[in-house]
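In: 3D model of this:
(one chain, ligands or ions: 1)
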Amino acid sequence: MPVHISIPREVTPGERRVALIPEVVKALTKSGTQIASETNAGLSAGYPDEGYTASGATVTGDRSQLFGGAEIVLKIQPPTMDEIAAMKAGTIVVALMNASRNLDLVARMRDAKLTAFALELLPRITRAQSMDVLSSQATVAGYRATLIGAELSPKFLPMLTTAAGTIRPAKVLILGAGVAGLMAIATVKRLGAVVEGYDVRRAAGEQVRSLGARFLELQINAEAAGGYARELTDEEKKQEAAMVAKAVADADIVVSTAAIPGRKAPILIRDDMVSKMRPGSVVVDLAAETGGNCELTKPGETIVVHGVSIAGPLNLPSQLAYNASQMFSKNLQSFLTLLITKDGTLVTDYSDEILAGSLLLSGGTVRHKPTADLLAGGK
Ligand code: NAD
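Out: All right, here's what the predicted structure looks like:
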């Protein structure tokens, strides 16, 4: 029996991406998997139904068949209550689940006895790099945030020598030099601005410099488990605030990307720092989704305070839906090699480190301990 995979159209407002693009559908159907995609599943990302049909998928408008007939459902956003209700027990759902913010959905999936893999929980190990949707989508977000900054700024980014005089290059500051921040630095460099980067992980310094940017360094190294940043102590926060205040005041555009896994984003830019920026300057706060790095940020809006534009964009990868979907699809194709054997049957042993790490729930039990604890505490 071939494995049946379904690709629904995303229904979350503002979500334009699709979990699988036709190129990956083709590779999977070739190796014996049966794929059903929902009518217009990829349209808003630039992948019309014809591409799915030509790649061997069945295109259907029947949602109950799509969800009820699948062994695996691949999504970008977590399944909705209606989608969960349409799936039979034992169906495997793979998506970005944002479990701690979607406890009601987790409880519903648990009660429906679904098996769920949360892509944000994939361990950041070398073998999982090709599946790492957090990295691929952060790459898109870093690029896009930079362009938003350039567009809101009243200045050229590169230095120009023209008959109308010489124009100095813009100064851009990138706070947080993880995947998104490094992509932002690379993009800003290509646009010709003078770039500074800051991170609390010392290891990030080498990467920032290798992209041709100056690294702002504190005498601390807040690298914690798994290569992630830890929260700073109060004393470290004071040192940070003094250095960041100076750099922010001097910048034409600030792109902030600082994050600490599982926590609210650290506040790096205070109201008084914004008030010292030149009028017309810009802050693009990529951390808006988790509270923002700037205390003035309004998630989903662009506001002007003290003459400074502050953008708090949400779901930036959706704005570059074509390539974001392409990268997400490739990540899923790689992940599926762990779930489907070479002879086309479903794997039932989830002891592999990557499967075990990303398994959110199965058989009516929440397997991810922090989420199980949150659920136990809340209900
Ligand atoms: P993230 O989105 O969790 O955070 C973004 C950045 O913010 C990080 O670089 C973090 O150090 C920084 N940050 C946190 N607090 C800060 C503060 N107060 N001031 C300034 N910066 C602050 O990070 P990410 O992009 O997901 O990457 C996190 C780590 O994971 C990095 O070390 C990265 O190299 C590593 N990584 C490993 C793999 C892999 O091996 N498969 C893949 C991707 C990322």
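
In: alpha carbons only for contacts and neighbour counts from here, please
Out: Fine.

In: Up against the ligand, what does the stretch 101-250 of the chain have?
Out: With C-alpha under 6 Å from any ligand atom as the criterion, the stretch 101-250 of the chain comes near the ligand at residues 124-126, 128-129, 135, 175-180, 198-201, 227-229.

In: Swap in 5 Å and give it another go.
Out: Residues of the stretch 101-250 of the chain found near the ligand (C-alpha under 5 Å from any ligand atom) are 124-126, 129, 176-179, 199-200, 227-229.

In: Out of these, which end up buried?
Out: The neighbour count (16 or more other C-alpha atoms under 10 Å) marks 124, 129, 176-179, 199-200, 228-229 as buried among these.

In: Quick check: of the residues of the stretch 101-250 of the chain next to the ligand, which lies closest to residue 307?
Out: Checking these against residue 307 by C-alpha to C-alpha gives residue 176 as the nearest, at 24.2 Å.

In: Now that the closest one has come up, it's in contact with residue 196, right?
Out: No: the criterion here is C-alpha atoms under 8 Å, and residue 176 misses it with residue 196 at 10.7 Å.

In: sorry, back to before: so which of the residues of the stretch 101-250 of the chain next to the ligand sit within helices?
Out: Judged by DSSP state H, the subset of those located in helices is residue 179.

In: Flag whichever of the residues of the stretch 101-250 of the chain next to the ligand scores worst on pLDDT.
Out: Among those, residue 227 carries the weakest pLDDT, at 76.

In: if I pick it, what's in contact with it?
Out: By C-alpha atoms under 8 Å, 6 or more residues apart in numbering, the contact set of residue 227 is empty.

In: Now with 10 Å, please.
Out: 124, 201, 203 (C-alpha atoms under 10 Å, 6 or more residues apart in numbering).

In: go on, residue 52?
Out: 20-26, 35-42, 58-59.

In: And for residue 249?
Out: Taking C-alpha under 10 Å, 6+ apart, we find residue 249 in contact with 272-278, 281.

In: do you know how far it is from residue 111?
Out: Using C-alpha to C-alpha, to the nearest Å, residue 249 is found at 52 Å from residue 111.

In: one step back: give me the buried entries from the contacts of residue 52.
Out: 20-22, 24-26, 35-42, 58-59.

In: phi, psi of residue 201?
Out: Here is the backbone geometry of residue 201 (degrees, to the nearest 10): phi -90, psi 120.

In: you'd agree it is up against residue 231?
Out: No: judged on C-alpha atoms under 10 Å, residue 201 makes no contact with residue 231 at a distance of 11.1 Å.

In: so what sits against both of those two?
Out: 222-224.

In: ends of stretch 80-99, how far apart?
Out: So stretch 80-99: terminal residues 13 Å apart, C-alpha to C-alpha.

In: tell me which residues in stretch 302-319 are buried?
Out: Buried residues in stretch 302-319 (16+ other C-alpha under 10 Å): 302, 304, 308-319.

In: can you tell me the distance between the two ends of that stretch?
Out: Terminal-residue distance, stretch 302-319 (C-alpha to C-alpha): 16 Å.

In: next one: that stretch to chain centre, how far?
Out: Distance, stretch centre to chain centre, for stretch 302-319: 17 Å (C-alpha atoms, centre = their mean, to the nearest Å).

In: any idea of the mean pLDDT in it?
Out: Mean predicted lDDT for stretch 302-319 stands at 98.

In: Please apply the same query to stretch 274-291.
Out: pLDDT averaged over stretch 274-291 gives 96.
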